[in-house]
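Asker: structural data only, the sequence is not supplied:
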């Protein structure tokens, strides 16, 4: 849960790097909360209003943590747009996000693993 909150605290920070753990924990909690809001929508009959508002609130935090994750692998945040290529783009993007980050400092900042230790 701390990773999810940390992403919200850095929702406008598109510089720097994000570890795999930070990225995947953010998305894990995002999916859990989306399931909960979907169930809530179904129970009160709001036709997806709560889930829609939640998704809108997550646009900037999810984009910023994604850009920082790409920075950790030594890639520009513009690589996010590879997801626009049907099927192949999503697979390539997934591979980028599961790769280990570059060791040591890169052009986007210091190694986040060394900072936390």
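Answerer: Arrived safely. Just so you know, these numbers come straight off a predicted model, no measurement behind them.
Asker: by mean pLDDT, point me to the weakest helix or strand of this protein.
Answerer: The helix or strand of the chain with the poorest confidence is helix 112-116; it has a mean of 73 (mean pLDDT, DSSP states H and E).
Asker: burial of residue 35, as a residue count?
Answerer: As a burial measure, residue 35 scores 11 neighbours (other CB atoms under 10 Å). (Glycine included, C-beta is placed from N, CA and C.)
Asker: assign a three-state SS to it, would you?
Answerer: The three-state assignment at residue 35 reads helix, by DSSP: H, G, I helix; E, B strand; the rest coil.
Asker: how much space separates the closest residue to residue 44 other than its chain neighbours from residue 11?
Answerer: Residue nearest to residue 44 in three dimensions, not counting chain neighbours: residue 50, with 7.9 Å by CB to CB, 6 or more residues apart in numbering. Distance of residue 50 to residue 11, given as CB to CB, to the nearest Å: 20 Å.
Asker: got the phi/psi numbers for residue 110?
Answerer: Per-residue torsions, residue 110: phi -70, psi 160 (degrees, to the nearest 10).
Asker: how many residues are close by it?
Answerer: With neighbours defined by other CB under 10 Å, the count for residue 110 comes to 12.
Asker: so what's it up against?
Answerer: For residue 110, the contacting residues are residue 17, by CB atoms under 8 Å, 6 or more residues apart in numbering.
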